[in-house]
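*Asks:* sequence and predicted structure below; questions after.
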Amino acid sequence: MHVEGFKTALTSVLNKYARSSGGLKEKEENLLGEDIREGLTAIITVKLREPQFEGQTKAKLGNVSIRSFVQKETNTKLEEWMLENPTEANKIVKKAVAAAQARIAAKNARNAVRRKTALSGAGMPDKLKDCQSANPAESELFIVEGDSAGGTAVDARDPQKQAILPIRGKILNVERARLDKMLKNTEVQALITAIGGGVGNDEFAAEKARYHKVIILADADVDGSHIRTLLLTFFYRQMRPMVESGFIYIAQPPLFSTEVGKEKKYLKDESAKEKFLIANPNHKKEFQRLKGLGEMDWQELRSTTMDSETRTLLQVNVEEAAEAENVMSVLMGDDVESRKAFIQKNARDVRNLDF
Amino acid sequence: MASKKPKKNSAGKKSSKAANKSTGKSTSKNTSKPTKKLAKKSVPQPNSKNVGVAQLPLAPGVGVQPVQLQDEMERSFLDYAMSVIMSRALPDVRDGLKPVHRRIIWDMHQQGFRPDRPFVKCARVTGDTMARYHPHGDGAIYDALVRMAQPFSLRHPLIDFHGNYGSPDFGPAASRYTESRLHPLAMQLLADIDEDTVDLIANYDGTSEEPSVLPSRFPNLLVNGSQGIAVGMATSIPPHNLGEVVDATLHLINHPDASVADLMKFVKGPDFPTGGLILGRSGINDAYKTGRGSIKMRAKVAIEEGQRNQMRIVVTELPYQASCSAIAARIQELVDGGDLDGIADVNDNSSGGETNLIITLKRDANANIVMNNLFKLTTLQTSFPVNMVALVDGVPRVINLRDALQGYVRHQIDVITRRSNFRLAKAQDRGHILEGRLKALNVIDEVIKVIRGSEDGNSAKAALMGKQFGFSERQAIDILDMQLRQLTRLSRIDLETEQKDVQARIKELKAILADDKKLRAVIAQELSAVRETFATERVCKITADVGEMSIEDLVDDKELVIVMTQAQYIKSVSADSFRSQSRGGRGVSGAKMKDADIVRNVIFTTTHAYLLFFSNRGRVYRLRSLDIPERDRTAKGIPIVNLLPLKAGETIQAIIDTREFPGKRFLFFVTKQGQVKKTAFDEYDSSRRDGLIAVKLRPKDELIRVIETHGTHDVFIISRDGLTIRFSEKQVRPMGRSAAGVRGMRLRSGDEVVSMDIAKTGASLLLMTESGYGKRTPLNNFMRKGRGGLGMIGIKLTGKKGHVVAAFMVGADDEIVAVSSAGTTIRTPVKDISTQGRAATGVRVMSLGEGQVVASVAPILATDEV
């Protein structure tokens, strides 16, 4: 009982102090007792008449009155002490806040690792269209930009091995977002859950990943490029083992289309276009620059981009971690000036400008 | 695009490079291009044996190529960043439009949604713009359309709108409800666009054309401003008054060397469409000279007397982009949070496009103070961050006022030159035809004869072009198409007049093209015409900056009582509550305190006053009264260590109010080892918050007390062993702030100073010992001696009575409070403590238990004496 009283008082005093001193922001949740008690050794000794114990081992004091007494005394004295020693008090708050953050991160990581059960897709994000195969080595996860292309991709897939996860809009830039904010983001949650290897470079287990091919399928326009950078940042920062194992791929939807007779023909890139022109010197029809995956029918998307027999994937790998590190922080980090410098220096290398 | 062969080469180069890639930045540039072109080479790279790839599971055969993370990142990012910078977020310096705005205006122009036509549903505009020119979300297009119609966003709207275009508080109605058409001013942006004035480029899918820039007959960039966030850069250009900007442009046209300062004679500053005030010119100067600055804006407010004599603050104009309901909500939040006093009610009575926010004040509130707080805490005062970034020749640049206007003038020169060339070519063509006709009329009989003799049209044409006449093909065709009515005499005269006109026109156009001055005159004339039609008076007033608001502007100066206890807890209490509680004539009572704590210092002061805090380590700290948390009379207060940077073991021994009082003021110090020092008060008036040396102390010495004196008092110093010395403070000459002082009392070994006080008329000296004995002794029992002596006996101490714990002056009506080491407190009127001689031993004032001693004693002075 006396321990209970002490715990209650400790938690309430610390929370109260943390709020008033600004250690806890208005919007943040209260610290839990376990956050505060982490690493704490406390001796609580009480003297009272007629002690009653719970159980034979006398492990626990049973007098109810002592709980409120200890609680009240701890409340006053501890609060006094914290007010009179602000330096030490702030250190304690900081430690407790760090413990709370760690707890939340760990919880999220645990939630994320929940595995696929016999009931298909239980615990999986609603948006995920999973594949039948449970063998990671042959399973592929397509991360598709936008819901409008998601539907086509579902039709175009091979349901045996290919899973589809549509991501709406632009996901969070994890280079700049705090961990807890990142984990609150539903798109990020869906990604973590679907991949299933956990989150955080230290905790991520590539062997638990549910797919050995995670394929980024973004539109061929500049916003698609942006989404690609955001996803790559996420994988590199939070699932680096996936990148290092070579599990991350980029799909290459065709860039051009043209008409031959009544047939629509897709051409993967500039060189394919040139080859086509050499082969068909009399071709007069316009070439259209494709903008979005939604422009294609599912048959077209399958044959050009997703069918493992005919497609071409880019496999992302990191030869020089230091360089990748540097690029990440320059392009996605907080330092606007160095990003600006990068843009100015490389402005001429731009591949395709969008309108 | 490069041809096929070099590509293979570069691909090969790349793969070998990947194997032995060293360091260096060159890689990103070299690898970025070939990777994609590698695409068709589906042969797996034999030499990709770097660490990362070595552990890879074998990728299923077909179509997998490696790509470096950083290369893909750089390339994709660059595509995105450059696109956003070049064709999304930044305006062009020439027409001040971002692509989305330009496309909307162009599309409406193409579809004929002009000012003289009926309104059309906005959905048609956004839908068509999206389909033909702007392959992005329709929401973004509609937002852009609506913004161009909002008179609170643009100083001179470009879209004429029918329906709800929203307000700073509410969004617009959906595009299926609202209607729009081009505003007459937008037609000025489009003026002469059909006369080859600007380049037309293919739209995104090559099915139609769009202008790369609009001809812009007025400087829209400055007039309507622009705001946007790109990648690695952003822009923020405030709106301006059309008349002022045109005047500046005219000046620049006529004086190409004009400086920013010259142009600022015309452009006084931004003209925010919502009105309000701009505070000060320094932000404007920065912005116009460097392209960057911060412009302080303030709402237009008035203090009025409302119903039942209640004062109220009425807001009639808001700063740019501020929202009335957001401000009302913020005020509510501040009042609820206790951060803003004096407000009884907030009402948003805006209607009919007029802002009207009424803030009703409480009766006792100071309207000016509340208003200043509102300026500080809400967006009733805010600033517009100027960062003038625009695309100049397709490249983002930070521009100043002159660059902006220069970019516009250069564009106009280009536009008018192109237009003149276009018109000249047209006139010359017409002249050529007229020349042919007139020539034909001169020899009409021969012409008719030749035509009649021709087999068919072609041979007639050939004959006319033959040696006999020498018509050009164009003329020949025209002659063959001529109607017979042209042969009348009147027609001939018409032709001759027209020919004359055309020739004059050609001459004029040639002159314009040949003479820069004439060209500039044309621009000036057309600009002036726009100014004539569209310019309106400035709506935003520029006033002097009142400067940073000081605390005096924000907090009412009211009377406070500062209370500090022995345990170093401090609080401030409103003097009102204090007085009403102590009507009985007795001071501080009922305050909740820590066990065994008593009030040590009570200071009557005001909110704005500075207080000096002297610590036992001889340091002095300064705080304003308002920095001490105001609490209830009964509250405990907070430990002072939360307010001052005190070290462990450092305690506050004295608090001095620094408000200006008449007369010469000194501070008189005494230390544990008997040193005293007198220093002019002014020396401490600049004390910093993190502390200054107040008196230099010897090792192990401590500051005991500081008292404010007027230079003529008698000083009493009392030691632990009961010795007391009285001397005139005139014997201590004033010294500097950090001086160590002189000897005030010589102490026997083991003895130390306990207290010091100054003589007051009618007072007696009260002494208390550790064991609870005390007495009062009239001051005349103590003779004035020289400073530095041993003093005389002040109280006779026998073994069991212990040492002196406290000594101070008391009046006959005062009370004292004493606390024991066990935490028990007693309170006694001074009357009850007997008056005895110097050498007497005193009477029992406080009964103590076994092993207990008196911890401290403090006076409670009758309030009328304080």
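*Replies:* Yep, that arrived.

*Asks:* and stretch B:113-124, end to end?
*Replies:* Distance between the boundary residues of stretch B:113-124 (CA to CA, to the nearest Å) amounts to 10 Å.

*Asks:* tell me the buried residues in it?
*Replies:* B:113-114, B:120-124 (16 or more other CB atoms under 10 Å in any protein chain shown). Using the backbone N, CA and C atoms, a C-beta is placed for each residue, glycine as well.

*Asks:* again with stretch B:274-293
*Replies:* Counting neighbours by 16+ other CB under 10 Å, one finds that the buried residues in stretch B:274-293 are B:274-281, B:283-284, B:286-289, B:291-293.

*Asks:* what about that stretch, start to end distance?
*Replies:* First-to-last residue span, stretch B:274-293, CA to CA: 20 Å.

*Asks:* close to chain B, is the helix ranked longest in chain A?
*Replies:* Longest helix of chain A, by residue count under DSSP state H: helix A:86-113. Yes: applying CB under 8 Å from any CB of the partner chain, one finds helix A:86-113 touching chain B at residue A:86.

*Asks:* returning to that earlier point: okay, and which of the buried residues of stretch B:274-293 map to helices?
*Replies:* If you go by DSSP H, these have B:283-284, B:286-289 in helices.

*Asks:* any chance of TSV for those, columns distance to residue B:572 and pLDDT?
*Replies:* TSV is the format used below for those (distance: CB to CB, whole Å; pLDDT from 0 to 100):
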residue	distance to residue B:572	pLDDT
B:283	37	92
B:284	42	94
B:286	41	94
B:287	43	95
B:288	47	96
B:289	47	95
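
*Asks:* among these, which one lies nearest to residue B:265?
*Replies:* Using CB to CB, residue B:288 is the member of these that lies nearest residue B:265, at 11.3 Å.

*Asks:* ok, and the closest non-adjacent residue to the closest one?
*Replies:* residue B:401 (3.9 Å; CB to CB, 6 or more residues apart in numbering or on different chains).

*Asks:* the buried residues of stretch B:113-124 in strands, which ones?
*Replies:* Counting by DSSP state E, the buried residues of stretch B:113-124 place B:120-121 in strands.

*Asks:* in CSV, list the buried residues of stretch B:113-124 along with distance to residue B:142 and pLDDT.
*Replies:* Shown next, in CSV, are the buried residues of stretch B:113-124 (distance: CB to CB, whole Å; pLDDT from 0 to 100):
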residue, distance to residue B:142, pLDDT
B:113, 15, 96
B:114, 20, 95
B:120, 14, 96
B:121, 11, 95
B:122, 6, 96
B:123, 8, 95
B:124, 11, 95
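
*Asks:* contact partners for residue A:304?
*Replies:* By CB atoms under 8 Å, 6 or more residues apart in numbering or on different chains, the contact list for residue A:304 reads A:253-254, A:266, A:268, A:296, A:310-311.

*Asks:* repeat for residue A:54
*Replies:* A:60-62.

*Asks:* scan the residues you listed and report the most crowded one.
*Replies:* residue A:61 (21 neighbours; other CB atoms under 10 Å in any protein chain shown).

*Asks:* before we move on, back to that, how about the contacts of residue A:54 in a markdown table, adding secondary structure?
*Replies:* Shown next, in a markdown table, are the contacts of residue A:54 (DSSP: H, G, I helix; E, B strand; the rest coil):
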| residue | secondary structure |
| --- | --- |
| A:60 | strand |
| A:61 | strand |
| A:62 | coil |
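
*Asks:* and which of those is nearest chain B?
*Replies:* Nearest to chain B among these: residue A:61, at 25.9 Å, using CB to the nearest CB.

*Asks:* in the sheet, who's paired with that closest one?
*Replies:* residue A:53 (DSSP bridges).

*Asks:* picking up where we left off before, on contacts alone, who are the packing partners of the next helix-or-strand element following the longest helix of chain A?
*Replies:* The helix or strand immediately downstream of helix A:86-113 is strand A:140-145, counting by DSSP states H and E. Applying 3 or more CB pairs under 8 Å, 6 or more residues apart in numbering or on different chains; DSSP states H and E, we find strand A:140-145 packed against helix A:147-156, strand A:162-167, helix A:186-195, strand A:213-217, helix A:222-238.

*Asks:* okay if I get these as JSON lines plus distance to residue B:727 and mean pLDDT?
*Replies:* Converted to JSON lines, the helices and strands packed on strand A:140-145 look like this (distance: least, CB to CB, whole Å; pLDDT from 0 to 100):
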{"stretch": "helix A:147-156", "distance to residue B:727": "92", "mean pLDDT": "85"}
{"stretch": "strand A:162-167", "distance to residue B:727": "86", "mean pLDDT": "92"}
{"stretch": "helix A:186-195", "distance to residue B:727": "78", "mean pLDDT": "86"}
{"stretch": "strand A:213-217", "distance to residue B:727": "89", "mean pLDDT": "94"}
{"stretch": "helix A:222-238", "distance to residue B:727": "75", "mean pLDDT": "90"}
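
*Asks:* got those as TSV, with distance to residue B:780 columns?
*Replies:* What follows is the helices and strands packed on strand A:140-145, written out as TSV (distance: least, CB to CB, whole Å):
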stretch	distance to residue B:780
helix A:147-156	98
strand A:162-167	93
helix A:186-195	85
strand A:213-217	97
helix A:222-238	84
